[in-house]
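Peer 1: got a sequence here, can you build the structure:
(one chain, ligands or ions: 2)
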Amino acid sequence: MVELEPRAFSAPGKALLIGGYLVLNPQYKAFVLALSARMHAVVKASSRSDISGVYLNVKSSQFNNNQWNYKVSRDNGYVPLEINDLTNPFVEQVVFNAFNYFAPENLKFNYIEIEIFSDPAYHSSEGSKRKVNQFKSFNFHEKDIDEVNKTGLGSSAGLVTVLTTALCYVLMNGNSLDISNPNHLKMIHNLAQVAHCQAQGKIGSGFDVAAATYGSIIYQRFEPAIIADLPVMDIKDINKYHVALKTLIDNLDWNITCEPVKLPPRLKVIMGDVHSGSKTVKLVSTVQKWYAENLPRSHEIYEEINFNNTVAVNTLIKLYHISEERPDYYNKMIDGLNNDKNDDPDIKVLAESIEMIRELFRTITQESGAAIEPLEQTELLNACLGLRGVIGGVVPGAGGHDAISLVMTEETNIKKITAGNPSFKNVTWMDVTQEQVGLKEENAEYYKDLESDEDR
Ligand SMILES: Nc1ncnc2c1ncn2[C@@H]1O[C@H](COP(=O)(O)OP(=O)(O)O)[C@@H](O)[C@H]1O
Ligand SMILES: C[C@@](O)(CCOP(=O)(O)OP(=O)(O)O)CC(=O)O
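Peer 2: Ligands and ions are numbered 1, 2, ... in the order given. This next block holds a predicted model:
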């Protein structure tokens, strides 16, 4: 039995700080922050002569020992067959697309095992037990993955990205996958976007998969048609899907923007969970209906939002440059913020542009009935703006009752300054902050021997 060397990969969660809704249109740019919460996949594979075809086990022991066992064969168009009839659309679409992309005739490593891990911040910790080792720390739940409450950081995009990476490694028959190679990263990104759209049954903007792959970025989407135009799998002619997918992944210019960005130094983003959540699909369809029925005014509102989005993003970039070119001035400015002096002109421009974006989304909220910034969130965000060191805040992404994002100075201790204050009684400050890096290689050894917190 030949064994493939185990490898591990992780990909971050996201917050769409600036550009919600508009990012669905390829003409508008968005600012996406990758977060420190990550999804992980540890993969091993071996060649086994005692089984026919390919066998794949995907294990998520954190969630009531959930696991999915697939048989995959060329004769079946690489449509994965789960032997216990269990479903996980995200896993299935990754398997389907990765296998169809490589279309292996005879796979050397035909027994594949992938273990998934989710960092604690993706899910409510209620009723979970922490297991740790020297390197990692994960929550273990007694419920299945679909029964545990999510916090909305983008677990499926991270999952699809790390699973795609793990399978590319195996399907490339060994050591040649290198995630620091831009072509390999592009292959992973494109495959993951296709799988994620197919699993969701809709073509969103893809900012979440882009951030899972490339980290914090300025993002402009692909034209949805490029994925919608893929043929359906025809078992009688499986080569048709393979050829179309290969062309889409390798040869087509997706025309996307994924430009790495950083928050200016000494600033951080903190997420505040309000223990609720919103249905993105419903919000998006309500806003699209409002947009279509209110032209040309709705377009003018979008253009105004875009103007303020651009000001906010350019000011963040400008602040980064100031920090490099005039560090003393910059440090004084941040010190000023920590001492409640918000009089720097660039900070003012940043804060005002975020306020304008919120105001325009409140107009859409009122007119469309889609609760992008509902009253409770307006009150919470306004209370946050009164805190020393906080520059601005939004309900990221599609808005609603999802966790809020605040931009503040590194020194601001949000937990401490809001403790006991009734305005903040419904919010839990999450232990996540922004990160630059997207897809990352991890040490496969670091996931072993996780033990209950109490036993250590
Ligand atoms: N740790 C995990 N193991 C297996 N599947 C997972 C895991 N985390 C997420 N998923 C899959 O992703 C789905 C959640 O995706 P989604 O509803 O898009 O939420 P999110 O906003 O967090 O991405 C789950 O129903 C499950 O299919
Ligand atoms: C409206 C949107 O622009 C942003 C939605 O952002 P969220 O971060 O709310 O996304 P989910 O994790 O899928 O709920 C739609 C899109 O870009 O696809």
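Peer 1: who are the neighbours in contact with K289?
Peer 2: Shown in contact with K289 (CB atoms under 8 Å, 6 or more residues apart in numbering): S368. The C-beta positions use only the backbone N, C-alpha and C, and glycine is treated the same way.
Peer 1: can you check the one 3 residues further on too?
Peer 2: Residues in contact with A292 (CB under 8 Å, 6+ apart) are S298.
Peer 1: report the separation between the two terminal residues of stretch 96-110.
Peer 2: 15 Å (CA to CA, to the nearest Å).
Peer 1: for the protein, which helix is longest?
Peer 2: helix 297-325 (DSSP state H).
Peer 1: low pLDDT regions in the protein?
Peer 2: 174-175, 455-456 (pLDDT under 70).
Peer 1: contacts for the helix or strand following the longest helix of the chain, please.
Peer 2: Following helix 297-325 in sequence order, the next helix or strand is helix 327-338 (DSSP states H and E). For helix 327-338, the external contacting residues (CB under 8 Å, 6+ apart) are 264-267, 319, 322-323, 342-344, 346-347, 388-389, 391, 409-412.
Peer 1: thinking I83 is in contact with Y70, fair?
Peer 2: Yes: in terms of CB atoms under 8 Å, I83 counts as a neighbour of Y70; the distance is 7.4 Å.
Peer 1: neighbour count winner among these two?
Peer 2: Neighbours per residue, other CB atoms under 10 Å: of I83 and Y70, the larger number sits with Y70, 22 against 11.
Peer 1: which residues touch that one?
Peer 2: Counting by CB under 8 Å, 6+ apart, Y70 touches 55-58, 80-83, 91-92, 95.
Peer 1: could you work out the most separated pair of these?
Peer 2: The largest separation in the contacts of Y70, counting by CB to CB, is between Y55 and E92 at 15.1 Å.
Peer 1: who has more neighbours, these two?
Peer 2: E92 (20 against 16).
Peer 1: can you tell me how far the closest residue to S124 other than its chain neighbours is from ligand 2?
Peer 2: Take S124 and drop its neighbours on the chain: the residue closest to it by CB to CB, 6 or more residues apart in numbering is N149, 4.1 Å away. N149 is 14 Å from ligand 2, where distance means CB to the nearest ligand atom, to the nearest Å.
Peer 1: cool, and P296?
Peer 2: As judged by CB to the nearest ligand atom, P296 and ligand 2 stand 21 Å apart.
Peer 1: what's the burial count for that residue?
Peer 2: 8.
Peer 1: could you measure from it over to F102?
Peer 2: Computed as CB to CB, to the nearest Å, the P296 to F102 distance reads 48 Å.
Peer 1: can you say which of the contacts of Y70 are buried?
Peer 2: Buried by 16 or more other CB atoms under 10 Å: 55-56, 58, 80, 82, 91-92, 95, out of the contacts of Y70.
Peer 1: which one of these is nearest to I227?
Peer 2: For the buried ones among the contacts of Y70, the residue nearest I227 by CB to CB is E92; the value is 16.6 Å.
Peer 1: could you say which helix or strand holds that closest one?
Peer 2: helix 89-102.
Peer 1: one more: V58?
Peer 2: Per DSSP H and E: strand 54-60 holds V58.
Peer 1: buried sites along the next helix or strand after that strand?
Peer 2: With elements assigned by DSSP H and E, the helix or strand that comes after strand 54-60 is strand 66-72. Going by neighbour count (16+ other CB under 10 Å), the buried part of strand 66-72 is 66-68, 70, 72.
Peer 1: break down the stretch 251-400 of the chain into its helices, ranges please.
Peer 2: With DSSP state H, counting those that start in this stretch, the ranges of helices along the stretch 251-400 of the chain come out as 280-293, 297-325, 327-338, 345-368, 375-385.
Peer 1: quick one: the residue of the stretch 201-350 of the chain found nearest ligand 1 and ligand 2, what's the gap?
Peer 2: Proximity of the stretch 201-350 of the chain to ligand 1 (CB to the nearest ligand atom) peaks at D208, 7.0 Å away. For D208, the distance to ligand 2 (CB to the nearest ligand atom) stands at 6 Å.
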